[in-house]
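Colleague: got a structure for you, letters missing:
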Ligand code: HEM
């Protein structure tokens, strides 16, 4: 078998492992929910007695969230399976990326398929590394779910054979500019999940009729909106700095490759739009009346722009960045 | 932490004061509720009005609004064709959508990034930025000299705390802790530290009695605001540098063939464009010759005929007469006297000679044929106006095929970009080429409207096929055309000079550095109090950060650990997880 084919097979295997992980994470989230219902009821009772305002019930419920009881811990088998399959899937993806690089004889991130592969890998790594520092397994179902989706989409829609690249791409900036852009995208993927959860959780806490249904009880397993917001911010801060570097690095590269550092090419326009949206997010966080929920919406919009920049701009617009290899 | 610093209108309180202090903020839930800021109505009189407008313009809310507008306004620039990039696409769009196109054009939608509305947004944003950044810089310059705030009486309300006991004296504790907090770099202390002392005092309200104590008050994070200011100022610098570059730059394009050259003078370029402050004297008069051009293409089946390398070998002659051999590649422009020369395109320029019906040489020269696809199917025209008196002018249109195959139906196509089996296919026209009217013509196009094509007996267009070295007769007794043995290559060079480049880069990097500092440098205060009771020295440490800061408790713990002779059993980090709503997930006992 050719190395390139082996790489593709490994991506399929990784997608399968991650699909299993997603199911296991979901099971874990669902089970723990049942065990938590009691806890939440008491917490709410306490909060109501304490202040009587819905405002204070949120932190109270939060504080009781990751409570220290070993009984529950012992029963989190599904979470264990989920974590091991996630590690497995991530490792297989890594090997697939390395093999792809060997098959093509260059840095393995030069077209859409490879970008999808590496970006997914980064998102998984961000999740796994975060989880080493604190328990973020509640993110697992969403991160592995998104990544599975991306990988299957990549294999089916973006796949191209492994080969060399045209002269404009033969440059160390391919490693730096594109590598950093992919890393930022991976981080934005996770921060998007966190902010989306923040919005859902916040609505549930605020008594949204839809989200207070029993089907959304798993939301009580997540940290409260404030904790989610600060987690998302920390990720976005890193992502934003990397994105700023992507922008500057891209301009330096364009200066050498295309003879101008900035030309409002569609890809440049969207990279700029994304940058401005995340800058607006950072401002919104610090603007009275805009922090919290509204700021979180910027993350959602920003991530939508990131996805569009990757898919729409590559496939619809005819710019200088038409390197997808898909014709 | 910047109680005395300038606060833009509308900035949320958490970001100007150290909070998460416990009590009151504990319930700070993120809700996008209506703005609590009371918008002052404009005061009467034009000065009041002016001041009110200025306050609004430099407020966080307006900055946010302008940022959002900027993002939205940029989008049409990616959807609609833009004149600056692809004027032909704009013409095509206008042809297809005459009604909407006209309106879009009227509002500058085909030149979004130089349209009045786009410019207005970013100019307002930058006015707002100046209005915001200048007072902040002044306030920060003052704040940089501030001493850390006094040690508070009670530590219980702080989110991060640690206590311990030691055999060292309070004095020794203070010295050791102060040294630890300042850090190793004398010239750039991590913390600004003040050591002090407190008198013994009796119980007061909820505060219990305490013996005389030594205190340390420390603060770090001045660089965070410095970074933020640097970032915003660098953005201002960036836009100024880009603007100046626009005014001073020039750019010229020239097509040259192997063995030929050009001089750096406005007249020598095929196209030339410059900013309004450009002076033609600023062109350094060097000259350049293209010695050879080579290209490589993939031959594997997967990426067959994809380009792999382009190299132009040139000789540059400086005004002082010295010359040097250089190479230009894609991604590796040649820098000469502060200008950059880029390899933007390449192709074949077949050497064609036309003899007219009387046998005189009517045309001889290299004609660049522009590649139209990956296998260099290249299109070009030969205009032959200089025929002997009384003869009709001749125009040739055709394709150059570097590696040609002839299909069974007689048509020819190219299968590979390198000249392995070149073929020139020409159609012949005769009549008035219209070159004497004085109307400028595109050298790559032949207007055939008033010309007569040559046809064969079946009424089909005559197609002449020439391999290198061939000479064939033109139909209708128009003469002959020959293709030379050698097929020279041509390169399209793009020369650009922009004196602001270094500034643009410097400001971008300054912005990146400032941003990194402003996002990741922690802003913290740490206080330490130590006193002796029953022969044991008690130490308590408290920490406060601006915004959320996962590193606060570790910082407090490290500070306590710096106490000499610390009694291990009593060292106890009691950062209370119940204090802030966020505290819990930081140390999680459940992680897997
Ligand atoms: C070109 C327009 C602007 C851009 C791209 C921009 C970008 C940014 C970014 C990325 C940050 C994040 C740094 C951080 O969170 O610490 C920031 C912070 C900040 N910006 Fe801007 N900004 C712009 C204009 C303005 C204007 C007009 C104002 C004044 C009204 C302003 C006031 C601030 C303030 C006060 C902060 C600090 C918030 C904090 O304490 O964290 N900015 N800006």
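Modeller: Now that the structure is in, tell me what you want to look at. Being a predicted model, the structure only gives us computed values, none of them experimental. Numbering: from 1, shown residues only, chains lettered A, B, ... in the order given.

Colleague: Could you check how far residue A:82 is from residue A:25?
Modeller: 4 Å (C-beta to C-beta, to the nearest Å). Using the backbone N, CA and C atoms, a C-beta is placed for each residue, glycine as well.

Colleague: Mind listing the shared neighbours of the two?
Modeller: A:137, A:140, A:141, A:144 (C-beta atoms under 8 Å, 6 or more residues apart in numbering or on different chains).

Colleague: which of the residues you listed count as buried?
Modeller: The neighbour-count test (16 or more other C-beta atoms under 10 Å in any protein chain shown) marks A:137, A:140, A:141, A:144 as buried among those.

Colleague: What about those residues, which are in helices?
Modeller: Members of these lying in helices (criterion: DSSP state H): A:140, A:141, A:144.

Colleague: Out of these, which is nearest to chain B?
Modeller: residue A:140 (10.3 Å; C-beta to the nearest C-beta).

Colleague: Show the contacting residues for the closest one.
Modeller: Counted by C-beta under 8 Å, 6+ apart, residue A:140 has contacts A:21, A:22, A:25, A:28, A:79, A:82, A:83, A:86, A:127.

Colleague: beta partners for residue B:396?
Modeller: With DSSP bridges as the criterion, residue B:396 is bridged to residue B:382, residue B:428.

Colleague: Hmm, it is touching residue B:433, no?
Modeller: No. Applying C-beta atoms under 8 Å, one finds residue B:396 not in contact with residue B:433, separated by 10.9 Å.

Colleague: any shared contact partners between those two?
Modeller: With C-beta under 8 Å, 6+ apart as the test, residue B:396 and residue B:433 both reach B:384, B:446.

Colleague: For the stretch 401-550 of chain B, which residues are neighbours of chain A?
Modeller: The stretch 401-550 of chain B comes close to chain A at residues B:494, B:496, B:501, B:504-505, B:508-509, B:511-512, B:515-516, B:519-520, B:548, B:550, as judged by C-beta under 8 Å from any C-beta of the partner chain.

Colleague: Of these, which belong to strands?
Modeller: B:494, B:496 (DSSP state E).

Colleague: Tell me which residues are up against stretch B:178-187.
Modeller: In contact with stretch B:178-187 (C-beta under 8 Å, 6+ apart) are residues B:189, B:190, B:191, B:193, B:195, B:216, B:218, B:220, B:526, B:558, B:559, B:562.

Colleague: phi, psi of the spatially most central residue of chain A?
Modeller: Geometric centre of chain A, nearest residue: residue A:189, 2.0 Å, by C-alpha atoms, centre = their mean. Dihedral angles of residue A:189 (phi, psi; degrees, to the nearest 10) stand at phi -60, psi -50.

Colleague: which non-adjacent residue is nearest it?
Modeller: residue A:123 (4.2 Å; C-beta to C-beta, 6 or more residues apart in numbering or on different chains).

Colleague: Quick check: that neighbour touching residue A:143?
Modeller: Yes. With contact defined as C-beta under 8 Å, residue A:123 counts as touching residue A:143 (6.0 Å).

Colleague: Common neighbours of these two, please.
Modeller: A:189, A:190.

Colleague: Who has more neighbours out of the two?
Modeller: The residue with more neighbours, out of residue A:123 and residue A:143, is residue A:143; 29 against 26, by other C-beta atoms under 10 Å in any protein chain shown.

Colleague: roughly how far apart are the residue lying closest to the more buried one once chain neighbours are set aside and chain B?
Modeller: Closest residue in space to residue A:143, ignoring its immediate chain neighbours: residue A:127 at 4.6 Å, by C-beta to C-beta, 6+ apart. The gap separating residue A:127 from chain B is 13 Å, by C-beta to the nearest C-beta, to the nearest Å.

Colleague: coming back round to it: just the residues of the stretch 401-550 of chain B next to chain A: which are in helices?
Modeller: Those of those lying in helices (DSSP H): B:501, B:504, B:505, B:508, B:509, B:511, B:512, B:515, B:516, B:519, B:520.

Colleague: Could you export these as JSON lines, including pLDDT?
Modeller: Formatted as JSON lines, these follow (pLDDT from 0 to 100):
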{"residue": "B:501", "pLDDT": "93"}
{"residue": "B:504", "pLDDT": "97"}
{"residue": "B:505", "pLDDT": "97"}
{"residue": "B:508", "pLDDT": "97"}
{"residue": "B:509", "pLDDT": "97"}
{"residue": "B:511", "pLDDT": "97"}
{"residue": "B:512", "pLDDT": "97"}
{"residue": "B:515", "pLDDT": "97"}
{"residue": "B:516", "pLDDT": "96"}
{"residue": "B:519", "pLDDT": "93"}
{"residue": "B:520", "pLDDT": "92"}
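
Colleague: If any of those are buried, put those into a ChimeraX selection.
Modeller: In ChimeraX syntax, the buried subset of those is picked out as below (16+ other C-beta under 10 Å):
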select /B:501,504,505,508,511,512,515,516,519
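
Colleague: The ones in helices among the residues of the stretch 401-550 of chain B next to chain A also near the ligand: which ones?
Modeller: B:515, B:519 (C-beta under 6 Å from any ligand atom).

Colleague: of the ones in helices among the residues of the stretch 401-550 of chain B next to chain A, closest to residue B:414?
Modeller: Residue B:414 lies nearest to residue B:501 out of these, by C-beta to C-beta, at 39.2 Å.

Colleague: OK, contacts around the closest one?
Modeller: With C-beta under 8 Å, 6+ apart, residue B:501 has these contacts: A:255, A:261, B:245.

Colleague: Could you give the average pLDDT over stretch A:149-157?
Modeller: For stretch A:149-157, mean pLDDT is 94.

Colleague: so residue B:465 touches residue B:422, yeah?
Modeller: No. Assessed by C-beta under 8 Å, residue B:465 is found out of contact with residue B:422, at 11.0 Å.
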